[in-house]
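>>> sequence first, then the predicted structure:
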Amino acid sequence: MIIETENLVLRPWEESDAECLYRFAKNPKIGPIAGWPPHESVEDSLNIIKTVFAKRETYAVTKDGIPIGCAGLLFHPDTNHWWGEESAELGYWIAEEYWGNGYAVEASKVLVERAFSDLGVKQIYASYRVENTQSKRVLEKLGFKYHAEMTNENYLGEYFLETAMILEK
């Protein structure tokens with residue numbers, strides 16, 4: 001499925017995106033704040049495309065044909081937490097070079113609308129590390145409300161505090 005917004009096109013990830021994905025996802029400012037390691041090679045990025053980004057409702061966020069990030073709705077058992085029946089988890093990231101343009105909000109907004117109108121979702125959850133104020137602002141602009149504080153574990157086995165937010169239909 002391809003979804004067009006005013007400035008972006010959301011489309012499935014393609015194996016040919018691996019080099020571009022690596023260029024953006026190797027940045028240590030991107031993955032660790034979301035709980036995943038920076039990519040170490042093009043092959044690493046290709047593996048992510050074939051596995052993690054191959055999940056349903058996971059899209060490459062593209063600008064002028066370039067994949068500049070990812071946005072997706074995750075459903076159990078692929079979520080980070082169990083949120084309950086008729087729930088989804090929203091996830092997103094945008095390459096640092098494209099921060100400040102509202103692209104995370106723009107991409108996520110169409111996925112939220114799709115979840116409620118086409119996918120039978122009744123509530124959407126999202127979580128962010130408490131120090132990630134940019135992600136908090138994205139969720140607030142989308143209308144999410146505070147749900148809970150949680151402790152989570154990252155890819156290094158380190159624990160961190162995160163805030164979960166909820167948006168209900």
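Here it is on my side, so go on.
>>> for residue 29, give its distance to residue 85.
The gap separating residue 29 from residue 85 is 36 Å, by CB to CB, to the nearest Å. The way it works is simple: take the backbone N, C-alpha and C, and place the C-beta from them, glycine included.
>>> whoops, residue 57 was the one
17 Å.
>>> of these two, which one has the most company?
Taking neighbours as other CB atoms under 10 Å, residue 57 and residue 85 compare with residue 57 leading, 19 against 8.
>>> hang on, the more buried one packs against residue 118?
No - if you go by CB atoms under 8 Å, residue 57 and residue 118 don't touch, sitting 10.1 Å apart.
>>> most residues in a single helix of the chain, which one?
helix 103-118 (DSSP state H).
>>> next up, the contacts around the residue nearest the centre of the chain.
The residue lying closest to the centre of the chain (CA atoms, centre = their mean) is residue 92, at 1.9 Å. Listed by CB atoms under 8 Å, 6 or more residues apart in numbering, the contact partners of residue 92 are 61, 69, 70, 71, 72, 104, 107, 108, 138.
>>> again, only this time at 7 Å
Taking CB atoms under 7 Å, 6 or more residues apart in numbering as the criterion, residue 92 is in contact with 69, 70, 71, 104, 107, 108.
>>> buried ones in the worst-scoring helix or strand of the chain on mean pLDDT?
Every helix and strand in the chain was compared by mean pLDDT, DSSP states H and E; the lowest is helix 31-34, with a mean of 83. For helix 31-34, a neighbour-count test (16 or more other CB atoms under 10 Å) marks 31, 32, 33, 34 as buried.
>>> closest one of these to residue 10?
residue 34 (18.1 Å; CB to CB).
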